[in-house]
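just coords:
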Ligand code: ATP
Ligand code: MG
């Protein structure tokens, strides 16, 4: 994400093919000009891989060597694809397809379905997890939410590794996967899931690739048609290609060799879905004549950030690590990464929000700041803290900006105003373009000040504000531009899916942040249990978590804030410790001498910024124990229950049912999924401990300050056997 200045939003298009090569270093130039034969770029984060391939395509197109419509560029996420289309357009190479494997396959499948299968293509299932739940119900297997998610992941893994249900058990064992349930049960669920899909005439995300592969494999005429359209292939983030995607790529390619792949084995973070860096690392073996280029100069990050990234890599193990490349920063020095320990998660989120406010006050645009976390569930605390601090943020990727309903409606309104121009009384007195746009969008809900709080209203406002800013930048870049010109620009961008920069802090998971960059990055929740995540057990899984942190660190251009908290909720047991991956790299890891300061509600917060030092591990804190049998608890769900899952429960079943009914009503009212109100585990814990007052209720894991304020009275009423008194109707938008 680049800063939203006029020059970056509307840069000058290079006036020749050679001009495209300016701004590339010699190795990148080698990539850009190697237009024939197989090319493989192995390079670390921020070394300009994506830049090199984008320029390569643009150079080829501008030099007349590549037909734009014959090039297919494949990137990992829709967001990255959108970013690439934007960059290509800026280099004067519009018309090149930049897509994810999935969207490219979907398009081909839709097109060829009538010919290959007949009729129209089945609908894509939108909630796979529901279908898995239905399969479980059909098999009479009870799965809790976590298991449901894990079983779904197993089914996805099976499909991308092309494992059929009957082969699941041996294949999972061979791959060293820790099955969330008995493998035979998973195989059965997988098989019933497939049947259900067939019965309901739907296909899932993975089927799109599987079916495209099948069509291209079986139908030579169709394969030939696809091959005559696409002749040159470029793949970004190739280290995370799954066997199924690789198969599709081979089918697209046929006997030809115009393939350019770029990747960084140290950023392999999708192994859990069956992806493997082997395709990248063995490229030379499969394509003996390949041009292989290595890039080592890191253009993205300061030496301080790069030092930490290299430090993380130095501790890595495994095949990917054997191919690590030490990064050399090309940038001016910047601040040392800051490490901060907090008492609990809400305090950690408030701390981040406070710092962000200061950064914004010192002139850093919100769009240049990101908060990255390990699991999407962490997002809510940060959304809340940012909303409380009045800081704009965006959750969604930029990819589908033009598909958002509010953006579509706004475009229609702008088009209408452009068409009627002077006849529109709304615009009678308004002459300059930005004011015209503001006037039109006011009718769509845009206001000069953002609405209070977070939620859907706020997201809609952010979209409109992005259009207002785009109009301002557009007018500044093109003197005399009219509303009609702007509408044409929007159309062109919508076709190219080139979204304007939304002026908000980005909240994203580490997985979805790959390939992106910001001036300031907050890596939050960097504690054991989160990073590595509890369910990472094998050495390979732990290594993947380390790489995930490496990806996070290398997203930062200048400033990096690393933080963790000692407990999840206020008043909770402070039994967490900072991530082992920081051992020897963060200053506090020197043992007893220098622990990072704890920032509590009333405490003082100090980030540690001194040089890293080698250190022994810090002592473990008191472990959580089962309150029935006393066993040490490690599973997050069990910790929440405060007992082993199979230890006898003294739960008040009636209360549990009443709590669930109450939760359903709350969820319905606020339009959230039920687990956002309280998870099953939290409700069980409440029904087991039957708290008498707020203090007791607050002690239950999963009941934070905010939930206490919001639901405390009603939950306590239920616990006391009373009907909850409905609070005055409260809109959820500012939740
Ligand atoms: P990642 O592994 O994270 O995907 P990458 O290798 O794809 O990173 P890019 O995103 O292409 O790296 O580049 C990182 C940053 O460095 C971008 O801001 C890019 O514009 C800049 N950059 C790359 N090469 C150069 C160069 N030769 N001169 C100036 N800036 C460069
Ligand atoms: Mg990249």
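Thanks, I have it. Not measured: the values here are computed from a predicted model. Numbering: from 1, shown residues only. Ligands and ions are numbered 1, 2, ... in the order given.

Relative to residue 327, how far out is the closest residue to ligand 1 within the stretch 1-150 of the chain?
Nearest residue of the stretch 1-150 of the chain to ligand 1, counting by CB to the nearest ligand atom: residue 48, 2.8 Å away. Glycine gets a C-beta too; all of them are placed from N, C-alpha and C. Distance of residue 48 to residue 327, given as CB to CB, to the nearest Å: 12 Å.

ok, now residue 310?
Residue 310 is 6 Å from residue 327, by CB to CB.

Is it correct that residue 466 is in contact with residue 503?
Yes - counting by CB atoms under 8 Å, residue 466 does reach residue 503; the two are 6.5 Å apart.

And the two? Which one has more around it.
residue 466 (24 against 18; other CB atoms under 10 Å).

Quick check: next helix or strand after the helix or strand hosting the more buried one?
Using DSSP states H and E, residue 466 sits within helix 456-477. Next in sequence after helix 456-477, counting helices and strands by DSSP H and E, comes helix 483-496.

can I assume residue 30 is in contact with residue 293?
Yes - if you go by CB under 8 Å, residue 30 and residue 293 touch, sitting 5.4 Å apart.

These two: which has the busier surroundings?
Each of residue 30 and residue 293 has its neighbours counted (other CB under 10 Å); residue 293 has more, 21 against 17.

so the more buried one sits in a strand?
Yes - assessed by DSSP: H, G, I helix; E, B strand; the rest coil, residue 293 belongs to a strand.

what about the most centrally placed residue in the chain, distance to residue 145?
Geometric centre of the chain, nearest residue: residue 512, 2.2 Å, by CA atoms, centre = their mean. Separation of residue 512 from residue 145 (CB to CB) stands at 21 Å.

So which of residue 310 and residue 327 has more stuff around it?
Taking other CB under 10 Å, residue 310 and residue 327 do not tie; residue 327 has more neighbours (26 against 21).

show me what contacts the more buried one?
Contacts for residue 327 were tallied using CB atoms under 8 Å, 6 or more residues apart in numbering; they are 44, 45, 46, 47, 296, 298, 301, 306, 309, 310, 554.

Assign the fourth one to helix, strand or coil.
This means residue 47. What three-state DSSP gives for residue 47 is coil.

can you check residue 19 too?
Here residue 19 is helix, with the state taken from three-state DSSP.

what pLDDT does it get?
Looking at residue 19, its pLDDT stands at 94.

Same question for residue 452.
Looking at residue 452, its pLDDT reads 64.

can you check residue 145 too?
pLDDT, residue 145: 71.

pretty sure it contacts residue 679?
Yes - counting by CB under 8 Å, residue 145 does reach residue 679; the two are 7.3 Å apart.

neighbour count winner among the two?
Applying other CB under 10 Å to residue 145 and residue 679 shows that residue 679 carries more neighbours, namely 20 against 15.

What mean pLDDT does stretch 575-587 get?
For stretch 575-587, mean pLDDT is 93.

just stretch 227-234 next, same as before
Stretch 227-234 comes out at a mean pLDDT of 96.

wait, the residue nearest to the centre of the chain sits on residue 77?
Yes - if you go by CB under 8 Å, residue 512 and residue 77 touch, sitting 6.5 Å apart.

and whichever residue of the chain sits closest to ligand 2, what helix or strand is that in?
Nearest to ligand 2 in the chain, going by CB to the ion, is residue 50, at a distance of 3.3 Å. Residue 50 is part of helix 49-62 when elements are defined by DSSP H and E.

Distance-wise, check the residue of the stretch 151-300 of the chain found nearest ligand 1 relative to residue 418.
The nearest approach of the stretch 151-300 of the chain to ligand 1 comes at residue 299, 3.3 Å away (CB to the nearest ligand atom). Using CB to CB, residue 299 is found at 40 Å from residue 418.

And the nearest residue to residue 443 once chain neighbours are set aside, which helix or strand is it part of?
The shortest distance from residue 443 to any non-neighbouring residue, by CB to CB, 6 or more residues apart in numbering, is to residue 413 (6.3 Å). Here residue 413 sits within helix 405-420, counting by DSSP H and E.

what's next to that helix, contact-wise?
The contact list for helix 405-420 (CB under 8 Å, 6+ apart) reads 401-402, 424, 426-427, 436-437, 440-441, 443-445, 460, 463-464, 467, 482-484, 486-487, 490-491, 494.

how about the contacts of residue 327 in a markdown table, adding distance to residue 346 and secondary structure?
Shown next, in a markdown table, are the contacts of residue 327 (distance: CB to CB, whole Å; DSSP: H, G, I helix; E, B strand; the rest coil):
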| residue | distance to residue 346 | secondary structure |
| --- | --- | --- |
| 44 | 36 | coil |
| 45 | 31 | coil |
| 46 | 33 | coil |
| 47 | 38 | coil |
| 296 | 41 | coil |
| 298 | 35 | strand |
| 301 | 30 | coil |
| 306 | 32 | helix |
| 309 | 29 | helix |
| 310 | 33 | helix |
| 554 | 28 | coil |
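
one step back: can you pull the buried residues of the helix holding residue 466?
Buried residues in helix 456-477, counted by 16 or more other CB atoms under 10 Å: 457-475.

Let me know the angle separating it from helix 405-420.
Calculated by axes from the mean of the first three to the mean of the last three CA atoms, to 10 degrees, helix 456-477 forms an angle of 40 degrees with helix 405-420.

just checking, what packs against helix 456-477?
Helix 456-477 sits against helix 6-9, helix 405-420, helix 433-442, helix 483-496, with contacts defined as 3 or more CB pairs under 8 Å, 6 or more residues apart in numbering; DSSP states H and E.

Present those helices as TSV; the columns should include distance to ligand 1 and mean pLDDT.
Compiled in TSV, the helices and strands packed on helix 456-477 are given as follows (distance: least, CB to the nearest ligand atom, whole Å; pLDDT from 0 to 100):
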stretch	distance to ligand 1	mean pLDDT
helix 6-9	10	49
helix 405-420	26	86
helix 433-442	28	90
helix 483-496	19	82
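
Quick check: residue 518 vs ligand 1, distance?
10 Å (CB to the nearest ligand atom, to the nearest Å).

Write down the beta-bridge partners of the closest residue to that residue other than its chain neighbours, one by one.
Once flanking residues are discounted, residue 518 sits nearest to residue 370: 4.3 Å by CB to CB, 6+ apart. Note on residue 370: beta-bridge partners residue 506, residue 521, judged by DSSP bridges.

pLDDT wise, what is residue 265 at?
The score at residue 265 is 94. That number is its pLDDT.

next one: phi and psi at it?
Main-chain dihedrals, residue 265, degrees, to the nearest 10: phi -60, psi -30.

ok, now residue 558?
Per-residue torsions, residue 558: phi -120, psi -50 (degrees, to the nearest 10).

Surely it is in contact with residue 520?
Yes - Residue 558 lies in contact with residue 520 (CB under 8 Å); the separation is 6.6 Å.

okay, these two: which has more neighbours?
Neighbour totals were compared for residue 558 and residue 520, and residue 520 leads with 23 against 20 (other CB under 10 Å).

Now do the same contact list for the more buried one.
Residue 520 touches 356, 359, 364, 368, 369, 370, 556, 557, 558, 559, 560, 561, counting by CB under 8 Å, 6+ apart.

any chance you could read off phi and psi for the last one?
Residue 561 adopts backbone torsions of phi -120, psi 120, taken as degrees, to the nearest 10.

can you check the first one too?
Per-residue torsions, residue 356: phi -60, psi -40 (degrees, to the nearest 10).

picking up where we left off before, got a PyMOL select line for the buried ones in the contacts of residue 327?
In PyMOL syntax, the buried subset of the contacts of residue 327 is picked out as below (16+ other CB under 10 Å):
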select buried, resi 44+45+46+47+298+301+306+309+310+554
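
Need the pLDDT of residue 525.
For residue 525, the pLDDT comes out at 97.

Lowest mean pLDDT among the helices and strands of the chain, which one is it?
When the helices and strands of the chain are scored by mean pLDDT, DSSP states H and E, helix 6-9 comes last with a mean of 49.

more crowded one of residue 299 and residue 418?
residue 418 (19 against 16).
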